[in-house]
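**Q** build me a model:
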Amino acid sequence: MRYRLLLILTIVLSFATSKIANAQVAKNKRYMLSLIRMDINDEEDGKAIENYVAVFSHQNDSVIVFKWNEAQGDKPSKSTFWAKKDPSGNSVRFLSSDGASILVSFLTGHRIGVDTDIYLLNTAYYNFMKQKLLLETSVLDLAFFLKDGYGDYDPYLEILTRKNWRNQKENPHHKIITVDVKNKNNQTDDQFHHWRAVYTYNTLGILKAVSGQYYDKKLSLNNSFELAYQTRKNLDRSSIEIQTYQNRKTLRDSAVFSWTQLSTAKDFHYSMKQTKLRLISVEQKPDNFKDIARLLGIK
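**A** Numbering: from 1, shown residues only. The predicted structure is shown next:
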C-alpha cells in the first residue's frame, strides 16, 4: 500500500513539475510569428496570392506586419503598430508607422470610446477588454474587437482586421450591445453621418444580426462546418455587399465583395480566402525579414 502511494505521489509530482516546466518554456517564448496566405480574385486585376507575416510580442502590445504579392515578386512592405498609455489611466492610444492613431477610452456604464464612436458592452466583455486594451495594450485584441469596420479608423487596422492571425474564436459570453458611430461625410467638409448599430444574439451567444441605418449584417448559415454572414453597407454614394464565411474547424476566413458606385452604377467584384496559417513561438525578436523567413520556412 505504501509503495502504491509513493508511486502515485511520484507520478503526480512528475506531472506537476512537467506543467511548471512547460509553463516556463511558454513564458520564455516572448514572440509569436504568424504566416498567412490569402488567395485574391479581382474582377479587374485577376488572381493573386498575398502573403502576410506578423511578429507579435508576448502581450501583443506591439506588432510588425510584412506584406508581399507572390506573383509580382514584390519586396515586402512593412507596417508597425504599438500603443502608448494616457497619463489619465483611463485611455490608451494605438499608433502606426504611417502616422495614424486610434484613441481608446474606458468610460462609465460599460462603454468604450474609440475615437468618436461609443461601444456599449456587456459586463464580461467590458472587463475583458479593459484587461486586454487598457492594461496589456494588446493591438491584436483591438483589431479583433473592431473587425466589423464601422468607424473612420477602419483603414488604420485593415491589414490586421481582415484575417484571423491566431485561430481566435468568438467568445459567446462577450457581447457588444450597441455602437454609436460618427462617420465623416466625404461629400462635404464639415458634416457627419450619425447612426447606431444594434446587436442581437441567439440563445447560444452566436451573433445573429447587426442592424443600423447604414449597416446591416445577418447570419445566413450556421451549421457544424461553417458560419456565414451577409453584410450590406450604404454610405457616401456607394453600396457594398459582403458575404463572409468562417470554417468552424480551421477558423479561417473567406469573403466575397460586391461594390457599387451609385453615381455611375458601376459594379466591382472580388473575393479573398485565407488558405494558410502557420504559427511559431520564439524566444528572441528576429532582427529582419530574412531571419523571419528562415524561421517560418519561407523560400
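**Q** that's a helix at Asp141, yeah?
**A** Yes - counting by DSSP: H, G, I helix; E, B strand; the rest coil, Asp141 is found in a helix.
**Q** mind listing what Ala83 touches?
**A** Asp61, Ser62, Val92, Arg93, Phe94, Leu95, Thr137, Val139 (C-beta atoms under 8 Å, 6 or more residues apart in numbering). Using the backbone N, CA and C atoms, a C-beta is placed for each residue, glycine as well.
**Q** quick check: it vs Trp68, distance?
**A** To Trp68, Ala83 is 26 Å away according to C-beta to C-beta, to the nearest Å.
**Q** low pLDDT regions in the stretch 51-200 of the chain?
**A** For the stretch 51-200 of the chain, applying pLDDT under 70 flags the ranges 71-73, 167, 189.
**Q** so where do the helices sit in it?
**A** Counting by DSSP state H, counting those that start in this stretch, one finds helices in the stretch 51-200 of the chain at the ranges 123-129, 139-145, 154-161.
**Q** just name the most buried of the ones you listed.
**A** Highest mean neighbour count among the helices of the stretch 51-200 of the chain (mean count of other C-beta atoms under 10 Å): helix 139-145, with a mean of 23.
**Q** who's in contact with that helix?
**A** 56, 60-63, 81-83, 94, 102, 104, 119, 129, 132-133, 157, 160-161, 165-166, 168.
**Q** kindly recompute the last result at 6 Å.
**A** Asn60, Val63, Phe81, Phe94, Lys132, Leu133, Leu157, Leu160, Thr161, Gln168 (C-beta atoms under 6 Å, 6 or more residues apart in numbering).
**Q** and if you look at stretch 54-70?
**A** Defining contact as C-beta under 6 Å, 6+ apart, one finds that stretch 54-70 is touched by 30-34, 48-53, 74, 76-83, 136-140, 159, 289.
**Q** hmm, back to that, among the contacts of Ala83, which are in strands?
**A** Judged by DSSP state E, strands contain the following of the contacts of Ala83: Ser62, Val92, Arg93, Phe94, Leu95.
**Q** isn't the last one up against Ser101?
**A** Spelled out, that is Leu95. Yes - with contact defined as C-beta atoms under 6 Å, Leu95 counts as touching Ser101 (4.6 Å).
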